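Novice: my questions are about this predicted structure, shown below with the sequence.
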Amino acid sequence: MRRLLLAIGLLLVIAPAAHAGGWATVGLSSTPAGTAPGAPWDVNITVLQHGVTPLDDLKPAVTIASGEATKTFAATPTSKPGEYRARVVFPTAGRWTYEIDDGFISGQPHTYPAVEIQGTAPAAAATADTGPNLLWLIPGIALLLAAAAILVLPRTRARQHKPQAA
């Protein structure tokens, strides 16, 4: 029974970790702060695998949204490895969210705080993307520790109750 619990615990930790090798960080050359409605926001997007290695041959895109309106702008490669350029236009004033699909692993966009697009007034500055969320590791580690405790505690108790020879 203990071996079964250990095997299950190990599978729960190892299976997600096998997928964890495929992540990338995204750096932006600027934020949309100060962009006026209808004016272009030209942004360079740097995509780094594991935050280190520049990734070429990707198709990153910037998606903006406000209410029901959503627009996606493709980024094209620049001459620098791992760098892409997008020309984004916020069509109207208002509160807009934006996210970057790095083109590396689909379904994991890099999101940023919403910005207020106004005439000539600056919009709210965005914070940098901090990379992947690794909180999913916590339950796996807890299960692994529980499995280890199940295996170690009976042995420790058996040693404590063992009669000692004189």
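Specialist: Sure, I can see it. Residues are numbered from 1 along each chain as shown.

Novice: in this structure, which strand is the longest?
Specialist: Using DSSP state E, we find that the single longest strand of the chain is strand 40-49.

Novice: what pairs with the helix or strand just after that strand, and is each one parallel or antiparallel?
Specialist: Following strand 40-49 in sequence order, the next helix or strand is strand 53-54 (DSSP states H and E). Strand pairing for strand 53-54, using DSSP bridges, gives strand 40-49 (antiparallel).

Novice: send me the partner strand as CSV with only the CA atoms.
Specialist: Extracted C-alpha coordinates of strand 40-49, given in CSV (Å, rounded to 0.1, in the frame of the first residue of the first chain):
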residue,chain,number,x,y,z
PRO,A,40,0.2,53.4,-33.2
TRP,A,41,1.9,51.9,-30.2
ASP,A,42,5.1,50.4,-31.8
VAL,A,43,6.4,47.8,-29.4
ASN,A,44,9.3,45.4,-29.6
ILE,A,45,8.6,42.0,-28.0
THR,A,46,11.6,39.9,-26.8
VAL,A,47,10.8,36.2,-26.2
LEU,A,48,13.2,34.2,-24.2
GLN,A,49,13.0,30.5,-23.4
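
Novice: could I get the buried residue list for that strand?
Specialist: 41, 43, 45, 46, 47, 48, 49 (16 or more other CB atoms under 10 Å). For glycine as for every other residue, the C-beta is placed from the backbone atoms N, C-alpha and C.
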